[in-house]
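Participant: here you go, sequence then predicted model.
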Amino acid sequence: MAQHHITKAVIPAAGLGTRFLPATKAMPKEMLPVVDKPAIQYVVEEAVAAGLHDVLMVTGRNKYALENHFDRVYELEATLERKGDHAKLQRVHESTNIADIHYFRQGDPMGLGHAVLQARMHVGHEPFAVLLGDDLIDSRDPLLSRMIAEQTKRRASIVALLEVDPDQIHLYGAAAVEPTDEEDVVRITGLVEKPSKENAPSNLAIIGRYVLRPEVFSVLEHTEPGKGGEIQLTDALQRMAKAPEWTGGVYGVVFRGRRYDTGDKIDYIKAILQLATERDDLGPELRPWLKQFSAGLD
């Protein structure tokens, strides 16, 4: 396969967000604010920081707010301009001009693998990245750029891995791995979707970042529904790991930086607190209050 410079990112955003009901009854879960930006904007910013300016969002019903957020809002812009509030105006423009964003409506929500397959016509025959919105990666700990570099070097598909407590591995896809000659890069020999602690091949969990070769589309096309009746991306990657002669194989980058899980209510609250306390404009006032508040819980 000829090597292409990676420019495209796919962001699946068709989920119903049932864990956050009733907040997500009329608002997409991707638009839930993390401090003062919707979660989806952090993900797009991460893609752009890694050089991916062509973004395809795979959406579903009631997701119009996503398109509106990244579109122009002339009335708001005019009001801010009239008030001379250029700082807020700049922040509004940032989300409008951040990337070349396209949208594809998934229709039937048949799993992550099915959502990725919908990107086939847009992506074509190039490697591309997939970013899931539940995982926010701290911008100070680059992950995606490292994964892109490894894909370019190895001409394989790359997944992000995270060491988790073995008691939590049933919440993730787990990887069986072999070491390589590079630190924190492993060759994946097998993948299991949400295994029990006893059946997990390791405590290395797949988190929501992938850099994939386009062969994944052909594999997904012939992947039968798995757990939950959905087409699992993990199942397709398992087949690709077993056929490196034509897929290039699958490798993992073990991430040891800061990750914020916004897919769970408790972790979502923790993510907001972690990010807010580290900000220059909020941290100095918030940190002392948090210490005082937590002392009162004892």
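Facilitator: In hand now; what should we look at?

Participant: from here on, just use CA atoms for contacts and neighbour counts.
Facilitator: Fine.

Participant: from Ala149, how far off is the residue most central in space within the chain?
Facilitator: Geometric centre of the chain, nearest residue: Leu132, 2.4 Å, by CA atoms, centre = their mean. Using CA to CA, to the nearest Å, one obtains 20 Å as the distance from Leu132 to Ala149.

Participant: go on, Gly124?
Facilitator: From Gly124 across to Ala149, the span is 20 Å (CA to CA).

Participant: quick one, what contacts Pro225?
Facilitator: Ile231, Gln232 (CA atoms under 8 Å, 6 or more residues apart in numbering).

Participant: tell me the SS of it?
Facilitator: coil (DSSP: H, G, I helix; E, B strand; the rest coil).

Participant: separation between Glu163 and Ala174?
Facilitator: 10 Å.

Participant: what ranges do the strands span in the stretch 51-200 of the chain?
Facilitator: Applying DSSP state E, counting those that start in this stretch to the stretch 51-200 of the chain gives strands spanning 54-59, 100-105, 128-131, 135-137, 157-163, 173-179, 185-193.

Participant: among these, which comes closest to Gly257?
Facilitator: Checking these against Gly257 by CA to CA gives strand 135-137 as the closest, at 7.9 Å.

Participant: if we can go back for a sec, more neighbours: Gly124 and Ala149, which one.
Facilitator: Ala149 (14 against 11; other CA atoms under 10 Å).

Participant: quick check, pLDDT for the more buried one.
Facilitator: At Ala149, the model reports a pLDDT of 94.

Participant: what sits against it?
Facilitator: Ala149 makes contact with no residue, according to CA under 8 Å, 6+ apart.

Participant: Gly263 too?
Facilitator: For Gly263, the contacting residues are Arg19, Asp134, Asp135, by CA under 8 Å, 6+ apart.

Participant: by neighbour count, which of the residues you listed wins?
Facilitator: For the contacts of Gly263, the largest number of neighbours (other CA under 10 Å) sits with Asp134, at 20 neighbours.

Participant: touching, it and Asp267? I think so.
Facilitator: No. Counting by CA atoms under 8 Å, Asp267 is not a contact partner of Asp134; they are 10.2 Å apart.

Participant: overlap in contacts, the two.
Facilitator: Here Asp134 and Asp267 have Asp261 as joint contacts, going by CA under 8 Å, 6+ apart.

Participant: ok so, going back, can you lay out the contacts of Gly263 as TSV showing pLDDT and distance to Ile272?
Facilitator: Formatted as TSV, the contacts of Gly263 follow (pLDDT from 0 to 100; distance: CA to CA, whole Å):
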residue	pLDDT	distance to Ile272
Arg19	89	17
Asp134	86	13
Asp135	89	13
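
Participant: and Ala205, helix, strand or coil?
Facilitator: With three-state DSSP as the criterion, Ala205 reads strand.

Participant: what's the neighbour count on it?
Facilitator: By other CA under 10 Å, neighbour count at Ala205 equals 29.

Participant: so it sits against Ala176, correct?
Facilitator: No. Ala205 is beyond contact range of Ala176, at 9.8 Å (criterion: CA under 8 Å).

Participant: how far away is Ala205 from Leu275?
Facilitator: 23 Å.

Participant: tell me how many other residues crowd Asp36.
Facilitator: Counted by other CA under 10 Å, the residues lying close to Asp36 total 9.

Participant: I meant Ala14, not that one.
Facilitator: 26.

Participant: contacting residues around it?
Facilitator: Neighbour list for Ala14: Val58, Thr59, Gly60, Arg61, Lys63, Arg105, Gln106, Pro109, Ala115 [criterion: CA under 8 Å, 6+ apart].

Participant: packing partners for the helix or strand encompassing Glu245?
Facilitator: Using DSSP states H and E, the element containing Glu245 is helix 244-247. Here helix 244-247 touches no other helix or strand, going by 3 or more CA pairs under 8 Å, 6 or more residues apart in numbering; DSSP states H and E.
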